[in-house]
Structures are given as C-alpha cells and as structure tokens.
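Enquirer: Only the shape, not the letters, is given here:
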C-alpha cells in the first residue's frame, strides 16, 4: 500500500494553521529536483531515495507531515513517509518534532504521548533530552495560570522533576534559546519541587525578552517578591552582567510603579554606571530597554547604561554629571543613544562632553559611530561651534574618519580652502592627506594651483595620490617624451626610485622594454613603471604610468610582460603583487592575452580563485576585443558555480569600460563574439564545395550550400575539427542568448540609444545580435528623445515601416528599442498585426508589454504605499524581480533582505522595493510581504550601510513625477507581476 499522487499533491497545499511558520504551503515543491524522487518513493514506483540533493526547496518538505494520520498505529504507507522524514538530508528541515508536539496536544491521550516518545528515542534522545524538549520548547498556554497540559505528558515531567536532586536548567541547544523563563516549568516546579522555585525565579531574571519580575510583583500577593527585592540589593562584588540583570529588573518595576520603586531603580542605576565605566569594553554591545517616556522617539530603545544615566538625570542630576565626568576621565565608551540622551537633558551644555568624546581614537569607536555623532551635532549646533572640534580630527590615524571629516569640513566651512592649502606643507602626513581630500571636494582653480605647486615635492604617496586625482582634469591627456622625463626625474628626487619596488624585482635581469621610437627604457624608467603601478588598489592602470605606457612598443614587450607574470607566480601570486599582472596586461599583445588566459584557467582548476580573479581583471585591463570577450565568457561560465570568478569578471568589465573611456553598455556590445564570421556568415569548403554557416531565427546554427539551399546539418564529409567548432559555437550561442535577452530588455527599460553607426555595426553585422534585430520593433529618436519613426528589420536586413516600405535613417539619428507606451493605439495595433503576419517570435514582451495600474498613486509624492503589507507567494518576490533585472539590496537582522533594487546607471537613480520575510539565501524566510516602493538619487547617498528613508520629505527621494516615465512604468509593472497569496 502506498500514497496516491493526488494525496501527496493535496498535502503540499493543505495549510496547518496551528504552526504555519514550520509547515508553509504553496512553496513550489513541484519544481524541486527532489520532487520526483520523493513522490516516486511514496507512490511505490521506486524503492530508493538515492539521489536526494540539497536545493532551495529542501526547507519546505515538512508539509508532508499532513500525510501522517495515526502515529500510534503506523500504516505501511506511513512507514514510507517516515523513511522520507528520517532521511539524513531532509530530517533537519522537516520540523517533525514540532508535529509530534502538536499531535500530543491534539490527541491528549497516553498512546499519543508514548508514540511521540518512541519517535524521540528513535532519534537518539534519552529521557533528559526528551524532558528538555518538552519543557523548554513548549509554547502552548504557558502564560496562563492553568495551562492545559496532556496528563500523560504532565505525569512524565512531574516524575522526572521529583527524581532530580538539583534544579534542571535549559540545555545549551536550539531548544534552549531565550528560555531563561518558562511559566509552564515554574508551575511544574511549584507542584513537584517547591524548594526549587526561588532558585528558578532568580535565575529567570536574566531573561532579556521575558523577564517575569512583574508577574511576581503580584503573584500570590507578592509571595516571592521580598526574596527577589533582597537579591536585587545584593550586588557586592558582582560582575557587570549580574549588575545589569539586577538593574534591568529594577527598571521594569520602576516603569510599572514609579513611586514605589524609584529608590531601588536609582540605587542600582548608580551602581551599574560605576561598574560599567570601569569594565565596559570599547564598542561593546549592550542590552537595552524600551522606556515608556521616549516611546516613538529616537530614544525609544536605549542601552542600560543610557537608561541608568536617564534615571540619575531625573532624580539626582549632580550624580549624573559626576558619572559623566568619570566616564570622560576613564575614556569610557559612550553609546550613540547616550549621546542623544545627554543632549535631551543638558541641551547646549552637552557640547562640553561632545568635545571630549570626539577626541577619542576612531579605531576604538568605528567610523560609523563618528559619522552619526557628527551628523547629530551638526543639526543642533552652529558650524562655528562644532567645526573647530572636527578640524582636530584631521590628523587621526583612521583613514575612513579623515575622509569623512574632510567631507564635513569642505561642505560646511567657508574658509576650508585656505586652511587646507596651508596644511599641504604640514609636517604630519595624515594632516596633509586630509588637506588633500578637502581640496579634492572643492577643486577650485586656486586649490588646483596650490596642489600643482606641491605635487612633485609631496613625499607621502597616499597624500600625493589624492592630490594627483584632484588635479586629474588639469593634467594633459597625452604626454611628450619630455613630460615623461620630467615625471621620472621628479619621482627620483622624491626618493622613490632609489631601490627596486620589491627586493626580488631586479630590473636589470628582465628583458628590455622599448619605446615606439626604438629606444630602450632606462632602469629608472622601468622602475618608475613598477613604482607607479604598485600604487594601484584595484586591477586598473595608474594615472602617471599611463603616460609612459602610451609610448611603449607593445609588439616588442611580450617577453617583458611574460617575465613579470612568471615573477608574480613565483612569489605565490600574492594580492599585494597583483600590480605585476596588471602591468603585464597593459604592456601585452595577443601572446600575453593567451598567457594570462591559460594561467587563469589553471588557477580555476586548482581552486585558487583569488588568483583567478586577478587574472580575469588583467585580461579586461589588456583591453583588446579578444581579451574582453574572454572576460565576458568567464562572467557567463561562472555565473553560478565558482561565482566569485564570474562576479570578478563583471567588475573587470566595468573597470575596462572606464579605462577605455566608454560606457559599460558600449563595452557590452563589443564583447559579444562573432565567432570568426564574415558579417552574418561563415564560409567553409568541404570536398571542393563552398558552404555558408549562419544563425537562424531560432538561434540555431544552420547551413546553406552554393545554391542557397538550407541543409539539415553540416555536410557529413566535413572534418571532425570543423564539426566540433560548430558544436562549440552552438553551445556558446545558447549561453549568449540567455544573457543578451535580459540585457536587451533592460535596454528597453532604461531606453538606451545607439547612433546609426553603432547600431548598424552591432545589430546588422554580428550573426547572433542580428537575429535580435529582426525580433524587435525599433524607433528613430530626435536629440530630445522623442520618437519620430518606427521600423523593423527584415531577414534580408531591410529596414521597413508598418506599411512595408523601406525607411531611410539620417546619419545623425539615434535608434532605440520602442516601448509600447510611446505608440498611439492605432500604430501599436498596426505593428502587432505586422509582427503576427511575419510570425515573429518575441524574445521578451515588447508590444504586448503589461502596463501598470497607476490608480491610487499620487505622482506628487515620492513613496508608493499601495503594495505595503501585501503578502506574496513564497519565492515569488525574488524570482519575479530578479527576472526583471532587479538585484538584492542589503541584508538586515536575522539574514533577511531589506529590499530589492533596480539601478538606472545613466541617470544615477535607483528604484527600491522594501520587503519583509525574504531570506538572503534561497529557500528560507518567513511570510513574504511587500513594503514601500520609491526611487532615490544615488548621488545623495553617503552611507555605506544601505539607505534609510523615513518619509516623503527625505532629500534622497525623487518625486514620482520626476522619474523617467518608462522607468516608473517598468518598475511598477515588475512589482505588479509578483504573485500574491490567494485569500
């Protein structure tokens, strides 16, 4: 006897309202790679579960417990189900023990309890483990005075407690999380071992989330309260954690009855602050409390040190001030909510303490602390008051802090330029670096002139690199040999060429490098190249090295390039030496491209992925079409497996675009391979007959003979190597189609345009992209982006309008993919009919594209709230938005995603869809809901930790009326396509 497929399918969609979190339904288990294996086993088609794998659906198989009818008398088919449940790959995710607990409470019988115990023991549990599970994982009715417990279960627990010589505490396992207090366990103790109750009560006060002290303030007319209060007063020699527990309990009592417990709370507040000031670690995390007074304010939740200080300010201000002074003397870490609290109580007088806090070393507090601190005081004090303190931070050892204060100074101090110029010759290198950053934000002619004056005398390379970047626009785009000689001489004068960059890198042992004039580079000139390239932090060229590289004869440089690649490998290909790989790429020709590619492949095979990332970056830096196409291949090949290599390839392509002075989209056009085709065809000869290969309308390799007759396959007499070549091309085309289809749809969304020359080269001369050209409706646009003409591309490359007349495109026109919202109804219907008659298979919805519902959307606002709170099907938010080009936003508490984002790079804007309950990894999460939808101006985002938008007034927001119409339409359409939970 086995289950029917209908029974299984019903189980997958049957909700269990008693515990939906552990047994979610409608999770798409039919798409799991394990679905056929499990269903075949349960239906009797198979006798093995071999082949089960860990996939993104493995977390949801607990819903199969819906098939269990009688755990007390297990049937033959239920034995099959238990085989599945207990499979070692699935069991950790099934939540079977939760189901057993549910069954105990549902049946309330001795046989149900014994059946559950039998299953627990089958898992290897002894009585102690079963007790822990039943007591500390129990959550039904535990807060009531008389929870309804099945008698067999209660009898087991009572007898176990009676037999115990000591109080049983929660084990340190998953069931023991946050179980310092359990009402259920307390009631059992009162009945079975009342002598243990006081010990348990006092230990339970350590619970952050469910401290029971309020319950005991009234329970049985305060029967246990006197002992509790006495224990709170006993703090002699107690450690910080113990004092915190006592103060937390006193604070709860105080919040419930101010007059009765003020003295206790005030006493423990002072004690806690004394211990905290002496024993708290820098940047130490501290538990906290929600004080009613500050509900719905920025101080709604504060650390206990802040709470303690608040109470002292209320009842003993002099002591509060003394505690603050002690903190300043001891350099005690002051939490940010304490900073806010000090202002709440002292207002202008708080600045005295802020000055002292800001003098702390940033390495102890962290840059984000100082960022929020300075932003806080800048909103409450005049610039003339807080800027002198900020200026004192410019010599900090913390680079992130110096960069931040430089921005604050540049934006708020009207005299910043003059002060920074004077500091360019300061003896402290950190100060000079900060001055350079300040001037980089100002960039006036006077600032640049001052920088140029010290540029060749600044000995600190960090400061000089900042100065160099600041005056980049003032430097020549091309150099002369004389300019290079002066640059090398200046570096030598600064002492940068006195010895090799690395002790093991002797320039005299390397092959020669030559200028295009045929003159060999001197040792100093080669050393200058190494020196400047060693300054790079990423795989890219150095600004000054680039001048010299313009004159290098790359046809004669491959020996040198390969020699330094070998030196890099011999030294373990360490990250600090990656500049050698970058320099080799910048010097190299096609021979070097092959060397880097072969080396990169070897690193990948050896699982040396960091080295492979640098290899991919070097290929992109070389910049030839061949090299870039290899980088693009890596981005596709390793998109999922070894994804860090694929990600590095994508980053490398962005860097290459910057180096080449083109957009990432233009680079994307360049890297689509043509497979050696001559235009749209690849000619070859077999047995004296000429044939042509091409890509057909279904993106398949096809062949013509000399008579233009299409063949079913490549001629049988073709050499094996040629057949393999076309086989590999076919595979490559399939991969390209996967990436290009989504890429072109993204171009529709952002309305990318090509000039006529670019469009014809990309769409009419590449054998793969030409097929896309024939499947899309194109538009000719004027300089303002207005659509002035529409056309399609026929299979013979003719450009035709809706009336089938050939069109002529002006050389100065721009061409783009037409969005249906740009067409009137008549023209849209005409084109739909034309595409239907021509049997054009759309690569993505274009003419039939869904238009969003703008109802209930106020375009004068910046935040769309119509989706807020809507529950969506599990997995639908991620799968739908990623399909439309959105990417994951930052991860918040508990590994949950905070948003999905859609970037419009050219406009420097980004759509953000806030979400709830979506796990950062596939297959885990909670009830998935949508929140707010809005668009931000990326140029106004300064935080490195994501974007926080409070309301419509946030300056980072873009009003919906100012968002490009098609981008707004597309972001709304994507969200509306997410599948909601059916009510």
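Expert: In hand now; what should we look at? None of the values given here were measured: they were computed from a predicted structure.
Enquirer: Distance of residue 367 relative to residue 400?
Expert: 4 Å (C-beta to C-beta, to the nearest Å). All C-beta spots, glycine's among them, are computed from the backbone N, C-alpha and C.
Enquirer: oh, I was asking about residue 377
Expert: 19 Å.
Enquirer: So between these two, which is more surrounded?
Expert: residue 377 (20 against 16; other C-beta atoms under 10 Å).
Enquirer: got the contact list for that one?
Expert: Contact analysis of residue 377 by C-beta atoms under 8 Å, 6 or more residues apart in numbering lists 351, 354, 386.
Enquirer: quick one: which helix or strand includes the first one?
Expert: Yep, that's residue 351 we're talking about. Residue 351 is part of helix 351-358, with elements assigned from DSSP states H and E.
Enquirer: contact partners of that helix?
Expert: By C-beta under 8 Å, 6+ apart, the list of residues contacting helix 351-358 reads 324, 328, 334, 339, 342, 346, 370, 373-374, 377, 381, 385-386, 389-390, 392-393.
Enquirer: and if we set it to 10 Å?
Expert: Applying C-beta atoms under 10 Å, 6 or more residues apart in numbering, the external contacts of helix 351-358 come out as 321, 324-325, 327-329, 331-334, 338-339, 342-343, 346, 365, 369-370, 373-374, 376-377, 380-381, 385-386, 388-390, 392-393, 405.
Enquirer: what about it, distance to the chain center?
Expert: 35 Å (C-alpha atoms, centre = their mean, to the nearest Å).
Enquirer: do stretch 846-861 as well
Expert: 28 Å.
Enquirer: And that stretch, end to end?
Expert: One end of stretch 846-861 sits 29 Å from the other (C-alpha to C-alpha, to the nearest Å).
Enquirer: Could you do stretch 379-396 as well?
Expert: The first-to-last residue distance of stretch 379-396 comes to 23 Å (C-alpha to C-alpha).
Enquirer: Can you point out the buried residues in that stretch?
Expert: 381, 386, 387, 389, 390, 391, 393, 394, 395, 396 (16 or more other C-beta atoms under 10 Å).
Enquirer: Make sure residue 788 is actually in contact with residue 807.
Expert: No: contact criterion C-beta atoms under 10 Å: residue 788 and residue 807 do not qualify, at 11.0 Å.
Enquirer: Look at those two and report which has more neighbours.
Expert: residue 807 (15 against 11).
Enquirer: Was I right to think the more buried one contacts residue 779?
Expert: No: counting by C-beta under 10 Å, residue 807 stays clear of residue 779, with 11.1 Å between them.
Enquirer: At which residues are the strands of the stretch 851-983 of the chain located?
Expert: For the stretch 851-983 of the chain, applying DSSP state E, counting those that start in this stretch gives strands covering 863-864, 871-872, 887-888, 899-904, 909-918, 925-937.
Enquirer: Of all the ones you listed, which one comes closest to residue 657?
Expert: Of all the strands of the stretch 851-983 of the chain, it is strand 899-904 that lies closest to residue 657, at 15.1 Å by C-beta to C-beta.
Enquirer: could you give the angle of the closest one to strand 925-937?
Expert: Strand 899-904 and strand 925-937 are oriented at 30 degrees to each other (axes from the mean of the first three to the mean of the last three C-alpha atoms, to 10 degrees).
Enquirer: so how far is strand 899-904 off the chain centroid?
Expert: On C-alpha atoms, centre = their mean, the centre of strand 899-904 falls 11 Å from the chain's centre.
Enquirer: That strand - contacts with which helices or strands?
Expert: The contact analysis (3 or more C-beta pairs under 10 Å, 6 or more residues apart in numbering; DSSP states H and E) places strand 899-904 against helix 720-750, helix 876-883, strand 887-888, strand 909-918, strand 925-937, helix 965-976.
Enquirer: Next, format these as JSON lines and append distance to residue 690.
Expert: Output for these, formatted as JSON lines (distance: least, C-beta to C-beta, whole Å):
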{"stretch": "helix 720-750", "distance to residue 690": "13"}
{"stretch": "helix 876-883", "distance to residue 690": "43"}
{"stretch": "strand 887-888", "distance to residue 690": "48"}
{"stretch": "strand 909-918", "distance to residue 690": "52"}
{"stretch": "strand 925-937", "distance to residue 690": "56"}
{"stretch": "helix 965-976", "distance to residue 690": "47"}
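Enquirer: which one of those has the lowest average pLDDT?
Expert: Mean pLDDT is lowest for strand 887-888 out of the helices and strands packed on strand 899-904, coming in at a mean of 85.
Enquirer: quick one: residue 513 and residue 390, what's the gap?
Expert: 48 Å.
Enquirer: coming back round to it: list the ones among the contacts of helix 351-358 that fall in helices.
Expert: 321, 324-325, 327-329, 338-339, 342-343, 346, 365, 369-370, 373-374, 376-377, 385-386, 388-390, 405 (DSSP state H).
Enquirer: What's the end-to-end length of stretch 599-611?
Expert: By C-alpha to C-alpha, the extent of stretch 599-611 from end to end equals 9 Å.
Enquirer: for it, what is the average pLDDT?
Expert: 91.
Enquirer: got the buried residues for that stretch?
Expert: Counting neighbours by 16+ other C-beta under 10 Å, stretch 599-611 gives 599, 600, 603, 604, 609, 611 as buried.
Enquirer: Over to stretch 517-534?
Expert: Buried, per 16+ other C-beta under 10 Å, within stretch 517-534: 521, 524, 525, 526, 527, 528, 529, 530, 531, 532, 533, 534.
Enquirer: cool, stretch 342-360 as well?
Expert: 342-346, 350-351, 353-358, 360.
Enquirer: Next: stretch 54-61.
Expert: 56, 57, 58, 59, 60, 61.
Enquirer: thinking again about what came up before, if we take the contacts of residue 377, which one ends up nearest to residue 273?
Expert: residue 354 (18.9 Å).
Enquirer: Could you check how far that closest one is from residue 324?
Expert: 11 Å.
Enquirer: shared neighbours of those two, anything?
Expert: Joint contacts of residue 354 and residue 324 (C-beta under 10 Å, 6+ apart) are 334, 342, 346.
Enquirer: quick one: pLDDT of the residue located most distally from the centre of the chain?
Expert: For the chain, the largest distance from the centre (C-alpha atoms, centre = their mean) belongs to residue 688, which lies 57.5 Å off. pLDDT for residue 688: 91.
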